[in-house]
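J.: Here is a sequence together with a model predicted from it:
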Amino acid sequence: MATEEAGSALSFHPMDQFIVKPLFGDGPINWYTPTNVTLWMALAVVGIYLLLVVGTRGRAVIPTRMQSIAELAYGFVHKMVEDVAGKDGLRYFPYIFTLFMFIVFANFLGLLPRAFTPTSHIAVTAVLAMAVFLTVTILGFVKNGAAFLGLFWVSSAPLALRPVLALIELISYFVRPVSHSIRLAGNMMAGHAVIKVFAGFAAIAVISPLSIVAITAMYGLEILVSFIQAYVFTILTCVYLKDALHPHH
């Protein structure tokens, strides 16, 4: 009996939290079906609107807390774009700022109890990464024409090595959306799964205190990771934008 109880206490599935479910009913999921992913992405958009539009509506000289947070986020991303992509990149600041805010809100909302983290799904992060990849690639050719191909030609290297380096650069360029998307989704999924594992062990009285301490520590780490992953995604976008605007090595 004790063995059965212990077995049932350990019967948990850390990956269940990532299952996509329809909001209404239990039928099949089609492309138009509202799901938990749809809900939490919509909530992220609502959160961004409340912070950036409603929170800054007064534009007070002495800002409110919401206005201060909005201004800090704006200044943080603006400086990042300027430092990495240069002043030429500032005209694309609205797009990069939108990416950053969406990922930050989606990550942090996913830390709420019973919430769903859209950025833990490769389907979501892949769309974001492919949008960045296509945008900077098209922009590179529009701005530079055939000269954009200079991104793959390392002119500072010895002539004999340049074809090999060009092939390596070409492969690494097309791998960008893969690494860009997997990095974000993998980190968000891993952290949430670990928290769920520790939560499962919390049901066992003997190790419950240790489990609670571990959950608290992991939750604190996930708060940090949620921001860092949004930062990493955004700064890589700025790096790719810089390559599109200034492709020559």
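T.: Received, thanks.
J.: Please make it C-alpha for all contacts and neighbour counts, starting now.
T.: Will do.
J.: By residue count, what's the longest helix in this protein?
T.: With secondary structure taken from DSSP state H, the chain has its longest helix at helix 162-201.
J.: Just the buried positions in whichever helix or strand comes after it, please.
T.: Going down the chain from helix 162-201, the next helix or strand is helix 208-245, by DSSP states H and E. Within helix 208-245, the residues scored as buried using 16 or more other C-alpha atoms under 10 Å are 208, 211-212, 214-215, 218-219, 222, 225-227, 229-231, 233-235, 237-238, 240-245.
J.: about what we covered before: which neighbouring elements make contact with the longest helix of the chain?
T.: Secondary-structure packing of helix 162-201 (3 or more C-alpha pairs under 8 Å, 6 or more residues apart in numbering; DSSP states H and E): helix 122-144, helix 208-245.
J.: With residue 181 as the reference, name the closest of those helices.
T.: The minimum distance between residue 181 and the helices and strands packed on helix 162-201 falls on helix 122-144, with 4.8 Å, by C-alpha to C-alpha.
J.: remind me which residues of the protein are low pLDDT?
T.: 1-12, 205, 249 (pLDDT under 70).
J.: Mind doing that once more with 80?
T.: 1-14, 27, 58-62, 156-157, 200-208, 248-249 (pLDDT under 80).
J.: re the thing from before, tell me which of the helices and strands packed on helix 162-201 lies nearest to residue 52.
T.: Nearest to residue 52 among those is helix 208-245 (17.4 Å), distances taken as C-alpha to C-alpha.
J.: any idea of the angle the closest one forms with helix 122-144?
T.: Using axes from the mean of the first three to the mean of the last three C-alpha atoms, to 10 degrees, the direction of helix 208-245 lies 20 degrees away from that of helix 122-144.
J.: what's helix 208-245 packed up against?
T.: Here helix 208-245 touches helix 65-85, helix 93-109, helix 122-144, helix 162-201, going by 3+ C-alpha pairs under 8 Å, 6+ apart.
J.: and the ones you listed, which is most packed in?
T.: Highest mean neighbour count among the helices and strands packed on helix 208-245 (mean count of other C-alpha atoms under 10 Å): helix 93-109, with a mean of 20.
J.: neighbouring contacts of that helix?
T.: 40-41, 44-45, 47-48, 74, 77-78, 81, 115-119, 128, 188, 223, 226-227, 230-231, 233-234, 237-238 (C-alpha atoms under 8 Å, 6 or more residues apart in numbering).
J.: got it, and stretch 68-86?
T.: Applying C-alpha under 8 Å, 6+ apart, the contact partners of stretch 68-86 are 51-52, 55-56, 89-90, 93, 96-97, 100, 235, 238-239, 241-242.
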